[in-house]
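Engineer: Predicted structure and sequence below. I'll ask about it afterward.
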Amino acid sequence: MKILMSALALQSLQSALSNALAGQVYECCTFEEAIKGGRRDFDVAFVSRDVTGLSTKHELAPSLQACYRVLEETDTLRWVHIHSAGADREVYLRLKAKGVHIATSSGANAEVVAQTALAGLLALSRKFPQLVHAMHQHQWAPLLGAELPKDLAGQHAVLVGWGPIAQRLAQFLKMLSLEITVVRQLSQPLSSMSPHEPRMITFQELPEALPFTNWLILTCPLTETTRGLVNARTLSLLPAGAGLVNVSRGEVVVEKELIQALQQGILGSAFLDVFEHEPLPKNSPLWDLPNVILTPHSAGFSAGNEARVSQMFLKNLVEWSKAIGLKTG
């Protein structure tokens, strides 16, 4: 088995690989060596965070382009493990079309993303953008009268998606006494629902829930169903003052229509970690809207992620090697 990974990943995983694959015949090669030497004979690849670096799926650094060329030019490639929870980059779609299995690190950063989404919701709820603006203006501006923040208890949050992030976030929101509805492909019959579980509805039922939604929270993957899900019509169905939290994919939201809704007061506020094009263009109106918090697709960044992703890769590698019956030495 020939394994491809970055030099940094190999340095940190060399001992763990030896233990995990004890008795099996394998060879490791780095992306750097493959690019320089022209090797294209790998069975497995590990795309760690350092490989993608500061690149986004829309704008690729030359170094990442070179790594992607190695993956796509390797006809023997059978399995790729990636550091991200989503596999919607064009290169992964092309590899999948060729029969390469793409394994994600879904769940590795779920706790961190859920915490970030909660932080965004709390910051908007407590009107932190307004308070921070006043701070920068050296103004003492307490939130009184009509500016008083509304109590979160009893408000209604709709979670779009029900993966590890949404499930953890639902626990946080329940702790704050919010009512929760989950949007997923299949709803749950009322007869099978536990009183401790959130209400489940389908995407087709979402418009009926929106008029009663204080917080629309996107934690879903990008699919044909979710692409453009949040648009002018969706936003128009929300009640006045509602907030949007997006930690999923930028393309789930029609950005131009979101901007208009924020500018016109149709939507009360938004916390956005992802965008239709990344990096967000410098001329985007989103940068200057007073009711918006932006972060650079970093909701899941945490010092502990590398170790969690590496453990997922090693576990999956062992299971995959056993499944295909690799020879032992």
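Structural biologist: Sure, I can see it.
Engineer: what's around residue 15, how many residues?
Structural biologist: By other Cβ atoms under 10 Å, the residues close to residue 15 number 9. In this view, the C-beta of every residue, glycine as well, is placed from N, C-alpha and C.
Engineer: and it, that's in a helix?
Structural biologist: Yes. If the criterion is DSSP: H, G, I helix; E, B strand; the rest coil, then residue 15 is within a helix.
Engineer: if I look at it, how far off is residue 164?
Structural biologist: Distance, residue 15 to residue 164, by Cβ to Cβ, to the nearest Å: 29 Å.
Engineer: How about residue 49?
Structural biologist: Taking Cβ to Cβ, one finds residue 49 at 18 Å from residue 164.
Engineer: same thing with residue 17?
Structural biologist: Using Cβ to Cβ, residue 17 is found at 26 Å from residue 164.
Engineer: Among the two, which residue is more densely surrounded?
Structural biologist: Set side by side, residue 17 and residue 164 show more neighbours around residue 17, with 23 against 18, by other Cβ under 10 Å.
Engineer: where's that one relative to residue 217, distance?
Structural biologist: The gap separating residue 17 from residue 217 is 38 Å, by Cβ to Cβ.
Engineer: and what of residue 42?
Structural biologist: 39 Å.
Engineer: Likewise for residue 129?
Structural biologist: Distance, residue 129 to residue 217, using Cβ to Cβ: 18 Å.
Engineer: ditto for residue 268
Structural biologist: On the measure of Cβ to Cβ, residue 268 and residue 217 end up 14 Å apart.
Engineer: quick one, which of these two is more surrounded?
Structural biologist: Using other Cβ under 10 Å, the more surrounded residue of residue 268 and residue 217 is residue 217, with 30 against 18.
Engineer: could you list every residue that touches the more buried one?
Structural biologist: Residues in contact with residue 217 (Cβ atoms under 8 Å, 6 or more residues apart in numbering) are 117, 121, 157, 158, 159, 160, 166, 169, 244, 245, 247.
Engineer: Run through the stretch 51-200 of the chain and note the low-pLDDT ranges.
Structural biologist: Within the stretch 51-200 of the chain, the stretches with pLDDT under 70 are 187-195.
Engineer: For the helix or strand where residue 72 lies, which outside residues touch it?
Structural biologist: Using DSSP states H and E, residue 72 sits within helix 62-73. With contact meaning Cβ under 8 Å, 6+ apart, helix 62-73 is reached by 4, 31, 34-35, 40, 42, 45, 47, 51-53, 55, 60, 77, 80, 91, 94-95.
Engineer: Give the ChimeraX command for selecting the buried subset of the residues you listed.
Structural biologist: Only the buried entries of those go into this ChimeraX selection, using 16 or more other Cβ atoms under 10 Å:
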select :4,31,34,40,42,45,47,51,52,55,60,77,80,91,95
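Engineer: Strands - which of the contacts of helix 62-73 land there?
Structural biologist: Counting by DSSP state E, the contacts of helix 62-73 place 4, 45, 47, 80 in strands.
Engineer: Out of the residues you listed, which comes closest to residue 178?
Structural biologist: Ranked by distance to residue 178 (Cβ to Cβ), the ones in strands among the contacts of helix 62-73 are led by residue 47 at 36.6 Å.
Engineer: measure that closest one to residue 83 for me?
Structural biologist: For residue 47, the distance to residue 83 equals 6 Å [Cβ to Cβ].
Engineer: what do you get for residue 37?
Structural biologist: Counting by Cβ to Cβ, the separation of residue 37 from residue 83 is 24 Å.
Engineer: can you give me the helices in the chain?
Structural biologist: Under the criterion DSSP state H, the chain contains helices at 7-20, 31-37, 49-52, 62-73, 90-97, 110-125, 128-136, 164-175, 206-209, 232-236, 255-263, 305-323.
Engineer: Take those helices and lay them out in JSON lines including distance to residue 272.
Structural biologist: Formatted as JSON lines, the helices of the chain follow (distance: least, Cβ to Cβ, whole Å):
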{"stretch": "helix 7-20", "distance to residue 272": "30"}
{"stretch": "helix 31-37", "distance to residue 272": "32"}
{"stretch": "helix 49-52", "distance to residue 272": "21"}
{"stretch": "helix 62-73", "distance to residue 272": "24"}
{"stretch": "helix 90-97", "distance to residue 272": "22"}
{"stretch": "helix 110-125", "distance to residue 272": "8"}
{"stretch": "helix 128-136", "distance to residue 272": "12"}
{"stretch": "helix 164-175", "distance to residue 272": "16"}
{"stretch": "helix 206-209", "distance to residue 272": "20"}
{"stretch": "helix 232-236", "distance to residue 272": "14"}
{"stretch": "helix 255-263", "distance to residue 272": "8"}
{"stretch": "helix 305-323", "distance to residue 272": "21"}
